[in-house]
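Enquirer: give me a 3D structure for the following:
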Amino acid sequence: MKSLRILDSLSRPGHPGRCNEDCMGWTATACFVFDGATGLGGDRLTAHPGSDAAWLSEMARNRFAALCSSGQYTTDIIRKVNTDVRAFLDAETDAAAAVVEDWRYPVAGYEMLRLVGDRLEISGLGDCVLHLVNADGAVFSHTPLPEFSDAEQISARAAIARAGGLKRLPSMLHDEAEQERMRMFRAGYNKPGSPVWTLGRNPDAADHASFARVPPEFLDGRPLQGLLMSDGFSALADRYAAYTAVGLVAAARQRGLAALCTELRGIEAEDADGHQFPRFKQSDDATAILFSVS
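Expert: Numbering: from 1, shown residues only. Alright, predicted model coming up:
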């Protein structure tokens, strides 16, 4: 029987004093990260002191922990979470007699590593990332939307050019053209034919979760180490190219996640205008769990 050990963990907001819309958690047999995205304008839909997205991430974390511990199938967990989210948000908006555009609802991506007997189950929705490294230094990586980061950088580059620099574009909502594009794109999430499915209001997202099978030759009985990350932390490797996937896991083990987060913020501060690394905000929420499986 395999066992899971949490070695280090970190979750920090993109800016001190701002709400962290990421979340993380673990049980004896699973660990998971969540990356929330709040609605793109309009009044808040929940009473959470931070944001609607923070409410969703925390609610999902709590439900995943409870349902994983009770042995529920992952697809059933997703379906139950989204059913509960829909019921809660619909009750809130019905009470306010409000008409809510689809782009106003919060959504969240997730990535989870789960031990199911002697098998490793990896699953996710959105753009969170997992890197798993075996004793030979081979890496197995998974993200449900591998192309999402490239598309976002293209859009960010265009928005930054229109604004005259990232400093003049604190968030995408300050750029009208980009705001409209993002609202149209967000409104298409979680609908038939959409490439993007998330935690949120549609229980059918359970049918679109990405599952990965680790090759048998990767699992030779020796310990594995890995990182679960929101895209704000995985940017160190996949966007800023400061590390390879293997190098990032090794650095987390040797230096700790706090030191890596300091390095991450340093890279972003040096590229304050976003010309080298186009993005919609200087720093995103960053969450990571360093773990081992033996």
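Enquirer: okay, CA-based contacts and neighbour counts for the rest of this
Expert: OK.
Enquirer: against R157, how distant is D273?
Expert: 11 Å (Cα to Cα, to the nearest Å).
Enquirer: the helices in the chain, which residues?
Expert: Under the criterion DSSP state H, the chain carries helices at the ranges 52-69, 74-95, 148-163, 176-187, 231-238, 245-255, 257-270.
Enquirer: contacts for stretch 70-80, please.
Expert: Outside of stretch 70-80, the residues that reach it under the criterion Cα atoms under 8 Å, 6 or more residues apart in numbering are R63, F64, L67, C68, L199, P203, D204, A205, A206, D207, A209.
Enquirer: go again with 6 Å.
Expert: The set of residues external to stretch 70-80 that reach it, using Cα atoms under 6 Å, 6 or more residues apart in numbering, is P203, A206.
Enquirer: from the chain's centroid, how far away is it?
Expert: Centroid separation for stretch 70-80 versus its chain: 19 Å, with Cα atoms, centre = their mean, to the nearest Å.
Enquirer: then stretch 39-48?
Expert: So, by Cα atoms, centre = their mean, the centroid of stretch 39-48 is 20 Å from its chain's centroid.
Enquirer: average pLDDT across it?
Expert: Stretch 39-48 shows a mean pLDDT of 88 in the predicted model.
Enquirer: use 54 as the first number from now on
Expert: Yep, numbering from 54; the last one is stretch 92-101 now.
Enquirer: buried stuff in stretch 121-133?
Expert: Under the neighbour-count criterion of 16 or more other Cα atoms under 10 Å, stretch 121-133 has C121, T127, T128, I130, I131, R132, K133 buried.
Enquirer: what is the nearest of those to A322?
Expert: Each of those was scored against A322 by Cα to Cα, and I131 proved nearest at 36.6 Å.
Enquirer: and the pLDDT for A214?
Expert: pLDDT, A214: 80.
Enquirer: with A322 instead?
Expert: Per-residue confidence (pLDDT) for A322: 95.
Enquirer: what distance do you get for it to D147?
Expert: For A322, the distance to D147 under the criterion Cα to Cα works out to 43 Å.
Enquirer: I207: how many residues sit nearby?
Expert: Applying other Cα atoms under 10 Å, we find 12 other residues in the vicinity of I207.
Enquirer: ok, the closest residue to it other than its chain neighbours - contacts?
Expert: Counting by Cα to Cα, 6 or more residues apart in numbering, I207 lies nearest to P331, which is 7.6 Å off, once chain neighbours are set aside. Applying Cα under 6 Å, 6+ apart to P331 gives the contacts Q206, A209, R210.
Enquirer: do the same with R215
Expert: If you count contacts by Cα under 6 Å, 6+ apart, then R215 has nothing around it.
Enquirer: any idea how far it lies from A230?
Expert: R215 sits at a distance of 9 Å from A230 (criterion: Cα to Cα).
Enquirer: then L277?
Expert: If you measure L277 against A230 using Cα to Cα, the figure is 45 Å.
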